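**Student:** Here is a sequence together with a model predicted from it:
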There are 4 protein chains.
Amino acid sequence: MELASAEYGRTALEDFAFGFDAADPEGTIRRTVDGVKNWFRWGEHDVIGTLNFITDEKRREAAGLVRRGRAISLSQSFDANGPQKGWRRRTNPVHTMTDTGTDAERGIQGFPHGLGGADDVIAMPLQCSTQWDGLGHIFDHGHAWNGRRAGDVVTSEGDLVTGIEHAASLLVSRGVLLDVARHLQPDTGELPDGYAITTADLESCILAQGPTSQVGTGDIVLVRTGQLTRARRDGWGDYAGGSAPGLSFTTAEWLHRMELAAIATDTWGFEVRPNEFTAPSFQPLHQVVIPNMGLTVGEMWDLDELASACAETGVWEFQLVAPPLSVTGAVGAPVHPMALL
Amino acid sequence: MELASAEYGRTALEDFAFGFDAADPEGTIRRTVDGVKNWFRWGEHDVIGTLNFITDEKRREAAGLVRRGRAISLSQSFDANGPQKGWRRRTNPVHTMTDTGTDAERGIQGFPHGLGGADDVIAMPLQCSTQWDGLGHIFDHGHAWNGRRAGDVVTSEGDLVTGIEHAASLLVSRGVLLDVARHLQPDTGELPDGYAITTADLESCILAQGPTSQVGTGDIVLVRTGQLTRARRDGWGDYAGGSAPGLSFTTAEWLHRMELAAIATDTWGFEVRPNEFTAPSFQPLHQVVIPNMGLTVGEMWDLDELASACAETGVWEFQLVAPPLSVTGAVGAPVHPMALL
Amino acid sequence: MELASAEYGRTALEDFAFGFDAADPEGTIRRTVDGVKNWFRWGEHDVIGTLNFITDEKRREAAGLVRRGRAISLSQSFDANGPQKGWRRRTNPVHTMTDTGTDAERGIQGFPHGLGGADDVIAMPLQCSTQWDGLGHIFDHGHAWNGRRAGDVVTSEGDLVTGIEHAASLLVSRGVLLDVARHLQPDTGELPDGYAITTADLESCILAQGPTSQVGTGDIVLVRTGQLTRARRDGWGDYAGGSAPGLSFTTAEWLHRMELAAIATDTWGFEVRPNEFTAPSFQPLHQVVIPNMGLTVGEMWDLDELASACAETGVWEFQLVAPPLSVTGAVGAPVHPMALL
Amino acid sequence: MELASAEYGRTALEDFAFGFDAADPEGTIRRTVDGVKNWFRWGEHDVIGTLNFITDEKRREAAGLVRRGRAISLSQSFDANGPQKGWRRRTNPVHTMTDTGTDAERGIQGFPHGLGGADDVIAMPLQCSTQWDGLGHIFDHGHAWNGRRAGDVVTSEGDLVTGIEHAASLLVSRGVLLDVARHLQPDTGELPDGYAITTADLESCILAQGPTSQVGTGDIVLVRTGQLTRARRDGWGDYAGGSAPGLSFTTAEWLHRMELAAIATDTWGFEVRPNEFTAPSFQPLHQVVIPNMGLTVGEMWDLDELASACAETGVWEFQLVAPPLSVTGAVGAPVHPMALL
């Protein structure tokens, strides 16, 4: 298979249900939004968007997918050796100690009966490592999820309406891993930077992986591009904010039709970078799915161990428990996602 | 039932298997440690302690406890309105925005095609709200878990050996709620500050709650004292570091015998405060269970909604998924624990 | 002298040049602004306001005031024991170590030839302790200094126009201490909370202190209320944001007429608290002097040692060197002000 | 003149009063320390070292050097665009807003009568930009300034003995600029990275600059290498921690003999990098001068405007007012140094 071929990509863009004009991101985004917008679908007061698709039944089904009892972490680490390079003040975590074992051992802490302690603090962007974007993270022409004005939602005090605390405990569902990288590039298991994953790619991956990777209402889909595998081997480079494989803008229609609860990838930015527009543009798929579709998007997940485990058994579904830290008013939050299978 | 009666407490202390001398915390701690120490039980290189008790089978069993598909958050919020008062630099989280909706709406962010964004950062102690203590959090006479010297484990660079990243993905197991507050104080559902929960209390609670609250190897036990309920109603007061109901020092023997994987409470400090020693002392049960028993301890969990749900059905067991944030080298870490039932 | 007497205060308010209506803060502020506004006085591009009054000659004069060579710090300390209580996320500094002497002494730092090091970080509001307010700190009806729209000046990225870096190196001039507390309350040297210092108070203080306390164009005036002295003795209490002695709203006219370069006090908020309006109001004098007059205001300065030194010699003027930290885009910044006399 | 020639450097090293063995940093450091140690020179309780050399008379003399009234900032900016690259968690400042002008203009802050406000916070290493090293910053074989054990001085709680708060208000004296870069490299005004400034260089610079650059007891000497000029033109590169011009190890004898109060440079690390030892070594001159000589060292100062001003007038002395922020227990602190001339 030839990846990222001009022919292939062109076809996908030409076939896009809402019409794709590479020279006109604004118009293309507008038409797409018209096709996939979920505003008021769950009432005018809704603050969780597509997480409404997750039901008790869904979570029961998810628990039923735990066959071996294996727990796989989907989290990257949170430390100073992370990928961030300071773009818009996105730095790596700074973790410092307020009490240490060296102090304790030296006997200077002042506690009685031989007690010693260590304690620590952290300073970090909420989206510095494995994370969920909240619905207040992205705006479209000054509007936030469900039609609210951006300035009524997120001020200097945080997201006063759709803060991550509303979504946090809902992020438990059936998870499905689509290892598109392994599917399209079986030799390397890595998609090249700039490769746009199309709906056809997703569907052929599902077909190839078999029935356990069928997706539907309320599922959380994890798409593996292999870029993190590459970064781990070759160094971070421009992992944060540079070129990357990711979802084609044209998958917006599929994401909507599938009624996914959430989606996550192993990349910094979820969608393909650079994106498929030729005119100046920035994260156009974000603009469609977050404020308009109400989709919760995860980024920088580590899907490698899970991919191996699924490939081994041929089972690509599992219970996914991924509640982010409940930071009041956050527009994104770190999470330690667990796949239980 | 008369709570915290001198008679009752005295009996528990007098009967303590390892001998309790209220005037001699150091000696009492030493004898207790001799009785419950798990050093080298899992080899000299072990870094996870009692989390070794959790097996794939245990996690499979846990998933099987999901009957209704209900997901209950056990997390307090992370914000400036938290309980911390600055003790040893434990402050509440400071959450600030690096981009806002007001900026986006005003059109000053410089993004193309109507895109706008919000982003945020946080600075906080890792143990400021709902959290797990790591094994490097507490030392005994200059020694850390598994006999290492404290200064070889936790330096200014963090916990170089038993950092929370080793434990994080293991915190998935069968959970059991022991609502001791409701059991002992059915009228209020709250234990008074200073009340020491004894082994007899735990056992009578289990008996009263019935077979779904039997605990054993690899379980994670959640003990509700009702103090958080009170704090929520009356204000934080001295919730962080003041008097509190909590586990009696004498439960060390039971915690060891039950082979629990972990334990968590709805209080700041897990054990009763002030503790049961008359001589100067500080968190003596911590000194026994963390560096010596290798027990992972959770604090400031919100168990109220879970308690209602369990009381309603009479079922006190559930799947507990509680992986803390994977902060490299942390001696404690925030977590969003989920009970699935 | 009877302080804060209703008679006295009423007279000051009644005589106010621009008319004072206690029930109408908005109207009173508007009229006062009309009388003291300096917009465009120094051109439309000005970013430093009244700091324009400081000339080389003024600084030369200031240096000539150093008679004994005594250096007096006017800085409070920056630490966790500060006055802040979290209002609008104003916390006290959190200072943590990234390397320590205990680590160095234990030989675990990995440096050669016996070298060891200690290093540290800080997280703090820029206005948590002794500080200068920048011109971007306060707005009047959505406008900032020199008529700019607030949203064109201070976004989430900071003050893009009047950031403290423009003012920082200019804050060197002749300083004059007006120890109004000692003047009005010689017994205690402290004004009561809520006492509004009037123009008459300032002028009688100058008269009493003698010719070295005459103030004029380009001077930086320090007004001692004694509140910090009280806080140091009795505990912080509501020093940050509670009642306090401070400048009467009606001093706006004097501050303007005197052509001061800057003014600082030993209180949290510079102006009297509660202020002199009966209708709901908040820091009305700030609204007049910062965005409209372009006056740089200092707060939480420690004037006690300086007051003793001046009282001793009867000389109330000195060289004041007070450049704040040059934090790009800051709307306020910490400073270590030095009086040299 | 040929700079950094092997011949030249070798001579300086061969002539070193205490004997220089490039293969034996530990021995060379020990001998040098024996020659320049100031322990107990100011009593056993001393916490300020060579700042003892500054007297009232010295400060009076310094004030007398203000001839034109010109104030020149010697501060780099404090922002995210700084030189730091994360070495030992030394990052650049992260400045965020807690209130903004966009929020104020939009009318969502809830203040009365049209008042609006902006506020901000910062998180940064204390030595991220223009700074003074405190005496607790460096240790020699586990010992700190004046013979104290490092672990008795700097713990996780900070520098409990020689914290920067003790030195802060003392850093006012006569300043002398030695523009060694301009002296040795008149064409470029920049010394190459790795160039070791010797005592002979310093002395010939003084001779060439004339009598106003004579240095003596209590002076604060500023040495310009031109590296910052280069970094500003070419980008930061490895300014933080890479190769740099700086003081030769062998200047230790001169620094001691001159009885300087303090010294500062325009580089990250004050001494030449790589240093002159061939065996593994790290900042050996720091190890001599900070814990043993008690010398306060400044780094990352911006000396370019001052250099131009001094060259213009041929006067190289001035009043230097450089009190760092008074952070309790800090082992270093940011400063906005001002040269008044």
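**Tutor:** Structure received.
**Student:** The stretch 201-341 of chain A: helices as residue ranges?
**Tutor:** Secondary structure of the stretch 201-341 of chain A (DSSP state H, counting those that start in this stretch): helices at A:227-234, A:252-257, A:284-288, A:304-313.
**Student:** Give me whichever of those is most buried.
**Tutor:** helix A:284-288 (a mean of 26; mean count of other C-beta atoms under 10 Å in any protein chain shown). (Glycine included, C-beta is placed from N, CA and C.)
**Student:** contacts for that one?
**Tutor:** A:25, A:28-29, A:32-33, A:36, A:133, A:137-140, A:247-249, A:251-252, A:269-271, A:275, A:277, A:297, B:113-115 (C-beta atoms under 8 Å, 6 or more residues apart in numbering or on different chains).
**Student:** separation between A:Ile206 and chain B?
**Tutor:** Per C-beta to the nearest C-beta, to the nearest Å, A:Ile206 is found 25 Å from chain B.
**Student:** still on that earlier bit, could you dump the helices of the stretch 201-341 of chain A into JSON lines with mean pLDDT added?
**Tutor:** Putting the helices of the stretch 201-341 of chain A into JSON lines (pLDDT from 0 to 100) gives the following:
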{"stretch": "helix A:227-234", "mean pLDDT": "98"}
{"stretch": "helix A:252-257", "mean pLDDT": "98"}
{"stretch": "helix A:284-288", "mean pLDDT": "98"}
{"stretch": "helix A:304-313", "mean pLDDT": "98"}
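**Student:** how about the ones you listed in a markdown table, adding distance to D:Glu105?
**Tutor:** Formatted as a markdown table, those follow (distance: least, C-beta to C-beta, whole Å):
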| stretch | distance to D:Glu105 |
| --- | --- |
| helix A:227-234 | 41 |
| helix A:252-257 | 34 |
| helix A:284-288 | 25 |
| helix A:304-313 | 47 |
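**Student:** What residue spans form the domains of chain A?
**Tutor:** A:5-85+A:125-340, A:95-123 (automatic domain parsing).
**Student:** right, so those domains: which one is the most enclosed?
**Tutor:** Taking mean count of other C-beta under 10 Å, domain A:95-123 is the most buried of the domains of chain A, at a mean of 24.
**Student:** Can you get me the start-to-end distance on it?
**Tutor:** Distance between the two ends of domain A:95-123: 7 Å, counting by C-alpha to C-alpha, to the nearest Å.
**Student:** again, but for stretch A:209-219
**Tutor:** 16 Å.
**Student:** Could you do stretch A:17-24 as well?
**Tutor:** 16 Å.
**Student:** low-scoring pLDDT stretches of the stretch 51-200 of chain A, where are they?
**Tutor:** Within the stretch 51-200 of chain A, no range satisfies pLDDT under 70.
**Student:** Could you work out which of the helices of the stretch 201-341 of chain A reaches nearest to B:Gly19?
**Tutor:** When these are compared by C-beta to C-beta, helix A:304-313 sits nearest B:Gly19, at 47.5 Å.
**Student:** List the contacts of that closest one.
**Tutor:** With contact meaning C-beta under 8 Å, 6+ apart, helix A:304-313 is reached by A:70, A:72-74, A:177, A:179, A:182, A:189, A:222, A:224, A:228-229, A:266, A:316, A:318, A:339, A:341.
**Student:** Spell out which residues of the stretch 1-150 of chain A are next to chain D.
**Tutor:** With the criterion set to C-beta under 8 Å from any C-beta of the partner chain, the stretch 1-150 of chain A comes near chain D through A:80, A:86, A:89, A:91-92, A:94, A:96-100, A:102-103, A:106, A:108, A:123.
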